[in-house]
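Novice: pasting the structure only:
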């Protein structure tokens, strides 16, 4: 009975709200394609419950859900890979941020995961706060009619800027993910979370690799921007010189 209630009242709304937030990043409504939205919510919820049932650790579970989210967005909405990865990052990032906020709130009051699960009232409160954070994110984005594409004109330079923001977002997500894993392991030991030196080294290397990618992308973006500025400022200057020569020749007998 608890499984059914959790699936209907927590898992499905969580998946639906995560999709709403992801689509809202590009000013898409989740109700534009209702069948795809409900199918996504159902598959996401089933996958999450299945991974929990087979006792998958927190970190690989989150990574698998990220890959699954991206794959479902590609297959159900036919978005391109870059857009789908960005939306998958948004969804999982929102989930981690919400989890972190809930854990910080309760751990600051010396209330840990074991106590939360042992009390029905606390469990309901945690799930309500967790979903409310998603509602707040989704409501804010939809009311503002946010569209990240407005920040970028369709040209080569802004494509690099979009890549820069995407890679930076993934790196931030990894840093937050690693810190959340450590926080869970330290203060909520009953949560299945692996935090070994090998795990830490893997994430540190991944963060370092992404930082190198960010530096390369930033260098390319700066060079392209400089070239564009030179072209835009150079052309009027050359036109002015040409006009000056034309005017001088017109006065020469």
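Specialist: Here it is on my side, so go on. Since the structure is predicted, the reported quantities are computational estimates derived from the model, not experimental observations. Residues are numbered from 1 along each chain as shown.

Novice: poorly predicted segments of the stretch 151-253 of the chain, please.
Specialist: Applying pLDDT under 70 to the stretch 151-253 of the chain flags the ranges 151-156, 179-200, 229-253.

Novice: the helices in the stretch 1-150 of the chain, which residues?
Specialist: Ranges of helices within the stretch 1-150 of the chain are 2-6, 12-24, 34-53, 58-77, 81-107, 113-118, 120-143, based on DSSP state H, counting those that start in this stretch.

Novice: what does the shortest one contact?
Specialist: Pointing back at helix 2-6 there. residue 49 (Cβ atoms under 8 Å, 6 or more residues apart in numbering). Glycine gets a C-beta too; all of them are placed from N, C-alpha and C.

Novice: any idea how far it is from the chain center?
Specialist: 28 Å (Cα atoms, centre = their mean, to the nearest Å).

Novice: likewise for stretch 210-227?
Specialist: 21 Å.

Novice: buried stuff in that stretch?
Specialist: Buried positions in stretch 210-227, judged by neighbour count with 16 or more other Cβ atoms under 10 Å: 210, 213-214, 217, 221, 224.

Novice: can you check stretch 107-114 too?
Specialist: Neighbour-count burial for stretch 107-114 [16+ other Cβ under 10 Å]: 107, 112-113.

Novice: now the end-to-end length of that stretch.
Specialist: Terminal residues of stretch 107-114 lie 11 Å apart, using Cα to Cα, to the nearest Å.

Novice: mind putting the buried residues of stretch 210-227 in JSON lines, secondary structure and distance to residue 21 included?
Specialist: What follows is the buried residues of stretch 210-227, written out as JSON lines (DSSP: H, G, I helix; E, B strand; the rest coil; distance: Cβ to Cβ, whole Å):
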{"residue": "210", "secondary structure": "helix", "distance to residue 21": "23"}
{"residue": "213", "secondary structure": "helix", "distance to residue 21": "25"}
{"residue": "214", "secondary structure": "helix", "distance to residue 21": "24"}
{"residue": "217", "secondary structure": "helix", "distance to residue 21": "25"}
{"residue": "221", "secondary structure": "helix", "distance to residue 21": "27"}
{"residue": "224", "secondary structure": "helix", "distance to residue 21": "31"}
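
Novice: could I get those as CSV with distance to residue 95?
Specialist: Output for these, formatted as CSV (distance: Cβ to Cβ, whole Å):
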residue, distance to residue 95
210, 20
213, 24
214, 23
217, 26
221, 29
224, 34
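
Novice: tell me which of the residues you listed is nearest to residue 145?
Specialist: Residue 145 has its nearest neighbour among the buried residues of stretch 210-227 in residue 221, at 27.0 Å by Cβ to Cβ.

Novice: residues contacting the closest residue to that closest one other than its chain neighbours?
Specialist: Leaving aside its sequence neighbours, residue 221 sits nearest to residue 160 (Cβ to Cβ, 6 or more residues apart in numbering; 4.5 Å). For residue 160, the contact set (Cβ under 8 Å, 6+ apart) comprises 217, 220-221, 224.
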